[in-house]
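Visitor: Please find the sequence and the predicted model below.
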Amino acid sequence: MNIGFIAHSNRRVLLENFCIAYKGILKKHSLIATSITAQHIEAVTGLAVQRLLPGDMGGLRQMVSIIERDNLDMLFLFQSREMQNVPAKEQAEYAEVERMCDLYSIPLATNIATAESLILCLDHGDLEWRAM
């Protein structure tokens, strides 16, 4: 399955720890992430990650395009708790990513509890319907 990752700078440590903890599961899948997020995942896990542009420089739009082409099966989106500090244009792009996940039935985790539930479901084969 193709798994996407987007994380704001103040959530990357959380994402790194998540990827370290679930490296055994993630290594069985194709990983896609915005540029700096991909760099962090690769550095802590040694896993290959397809790199998109940085989120604010087109990476979010690239992720939307991947979703529209039905080339994404799951997305982990760890946003800053201080979204009011994020420019309005970028906030709209994050909202579009979430909207497209809803539209195309892409499982989306926006917090660690949901992320852990999704990754364990993936490992147990509970998301095989995505491959159909």
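Guide: Ah, there it is.
Visitor: Can you spell out which helices and strands pack onto the helix or strand bottoming out on mean pLDDT in the chain?
Guide: Within the chain, no helix or strand scores below helix 88-103, which has a mean of 89 by mean pLDDT, DSSP states H and E. Helix 88-103 sits against helix 59-68, strand 74-78, strand 108-109, with contacts defined as 3 or more C-beta pairs under 8 Å, 6 or more residues apart in numbering; DSSP states H and E. All C-beta spots, glycine's among them, are computed from the backbone N, C-alpha and C.
Visitor: Buried deepest among those, which one?
Guide: Ranked by mean neighbour count, the helices and strands packed on helix 88-103 are led by strand 74-78 with a mean of 23 (mean count of other C-beta atoms under 10 Å).
Visitor: that older thread, save the helices and strands packed on helix 88-103 as a markdown table, and put in distance to residue 29 too.
Guide: Listed next are the helices and strands packed on helix 88-103 as a markdown table, based on distance: least, C-beta to C-beta, whole Å:
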| stretch | distance to residue 29 |
| --- | --- |
| helix 59-68 | 14 |
| strand 74-78 | 8 |
| strand 108-109 | 14 |
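Visitor: For residue 125, which of these is the nearest?
Guide: For residue 125, the closest of the helices and strands packed on helix 88-103 is strand 74-78, at 13.4 Å, according to C-beta to C-beta.
Visitor: about what we covered before: now mean pLDDT and distance to residue 46 too, for the helices and strands packed on helix 88-103, in a markdown table please.
Guide: Formatted as a markdown table, the helices and strands packed on helix 88-103 follow (pLDDT from 0 to 100; distance: least, C-beta to C-beta, whole Å):
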| stretch | mean pLDDT | distance to residue 46 |
| --- | --- | --- |
| helix 59-68 | 95 | 22 |
| strand 74-78 | 96 | 18 |
| strand 108-109 | 97 | 22 |
